[in-house]
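A.B. asks: Model the structure of this input:
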Amino acid sequence: MLRDFLLRGDPDGRAGLLADCLKAARRMEQRARRCYGESLDQAAGGGSDDFVGMLVLDGCFVLQFLLQWSESDARCMQGTSTYVYYDLLLVENQMPYFVLAKLFNLVMGNGNAVDDADQGLLHLISSFFSLREPLGMVPLPPPAPELAGQFAEVYHLLHLQYQRIVMSPERRRIRRLTGLGASLHRIPVSLGSFRRTRANQARTPLAMPCVTVLQEFGVRFKEKPSPASQFDVTFRGGTMEIPRLVINGGTRILLANLFALEQTKDCWNEGTMTGYLVLMNALVNTGADVAVLQRHGILDNMLSNEEEAAAFFNQLGGSALFDPRTHRYARLFKDTNDFCDSRWNRYMAVLKRDHLRTPCSIINLLVAAILLFVSVISAGYVICRYRHSCT
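C.D. replies: Sure, this is the predicted structure:
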């Protein structure tokens, strides 16, 4: 891959192209090292030459693969491109985007040093990602011919995909994520503890009932017909509308790594992906909840069973660091809990739980209701006869 990529350069300067790439990587070494974790020295052998060589070798591999994909029949590389797509999204496989941009410009451009995303490279990556969108997620628009200004600064490939899937175009343009992706190694996440007043606890609940319990309270679930995005979940009039999602090996990789990226630094505070997984973790406790969402067309589970899908949401959502006062679905949590707390809905939930759980209990309730009705009619008939006899 390295040789094939270098052969794309200007024939007049091709002989010294590898040396130019190594020199450029050497100049970016310290900046690139600051993007990685402390374990990088051990992973790269601890030497400067090893690290610089890794940047050039890995960067050229990624660029050559993308160029080769763009020049070939997509059907011929379907299996390989899918495998590489998910491999490029792994948190531990990220490399600084400015390294890719510099190598791309050295070989394919005029060689000028640039920090901004190269227009051709940005379009190349976006085109590749657009054809590898996960099955069953809300489709994204194809990349526009002119991508300049559509994205905030790109830190790495996963960050670019994060901007495409999670961030709205408006947020991309007007808000540069603080610290997002500054640390590229895998960061363990845990559920943070927050001090909240009683008023905040009442106003922004941390949890809500799962799907099967919500059904007992009269909540209806429906696939959202025309969602603005994958995260366009609403609750109105006792109906929760959720965009359809297919759960398979690919979507698990994508969601888990976008979530891990969002959990870095301070980005979890308003994180859309974090809020989405917190919501799904609240809705899904067991495989029974997954089965209900499947019946309503919201989830299409392609894993081995419903319990595995439930475990996926519980593992990520249960480990999320988030502020219950500000996460994306805080209002939805409150509205749903308010609906369940109404007296009529509580009575209906008790009725369904205690008397309508099994066919036998339903039959017993119907028999009791019929007997009560007959008793009332009989009592009324006796009273009428008594009054009639007295007159």
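A.B. asks: can you pull out the strands in the stretch 251-391 of the chain?
C.D. replies: In order along the chain, the stretch 251-391 of the chain carries the following strands (DSSP state E, counting those that start in this stretch): 299-301.
A.B. asks: before we move on, what about the stretch 1-150 of the chain?
C.D. replies: For the stretch 1-150 of the chain, no strands are identified by DSSP E, counting those that start in this stretch.
A.B. asks: Give me the below-cutoff pLDDT ranges for it.
C.D. replies: Scanning the stretch 1-150 of the chain for pLDDT under 70 picks out the ranges 13, 37-46, 73-79, 110-118, 132-150.
A.B. asks: Could you rerun that using 90?
C.D. replies: 1-17, 33-49, 69-85, 92, 107-123, 126-150 (pLDDT under 90).
A.B. asks: How about the stretch 151-300 of the chain?
C.D. replies: Counting by pLDDT under 90, the low-confidence segments of the stretch 151-300 of the chain come to 151-155, 163-207, 216-218, 226, 228-229, 250, 262-272.
A.B. asks: can you do 80?
C.D. replies: Across the stretch 151-300 of the chain, residues meeting the criterion (pLDDT under 80) sit at 151-152, 167-206, 264-270.
A.B. asks: How far does stretch 208-222 stretch from one end to the other?
C.D. replies: Between the opening and closing residues of stretch 208-222 we find a distance of 18 Å, counting by Cα to Cα, to the nearest Å.
A.B. asks: in that stretch, what counts as buried?
C.D. replies: Met208, Pro209, Cys210, Val211, Val213, Leu214, Gln215, Glu216, Phe217, Gly218, Val219, Phe221 (16 or more other Cβ atoms under 10 Å). No exception for glycine: its C-beta is placed from N, CA and C like everyone else's.
A.B. asks: Surely the last one is in a strand?
C.D. replies: Yes - under DSSP: H, G, I helix; E, B strand; the rest coil, Phe221 falls within a strand.
A.B. asks: how much space between it and Thr234?
C.D. replies: The span separating Phe221 from Thr234 equals 12 Å under the rule Cβ to Cβ, to the nearest Å.
A.B. asks: between the buried residues of stretch 208-222, which is closest to Ser389?
C.D. replies: Proximity to Ser389 was ranked across the buried residues of stretch 208-222 by Cβ to Cβ; first place goes to Gly218, at 48.1 Å.
A.B. asks: thought Ala288 was touching Gln215?
C.D. replies: No - counting by Cβ atoms under 8 Å, Ala288 does not reach Gln215; the two are 10.3 Å apart.
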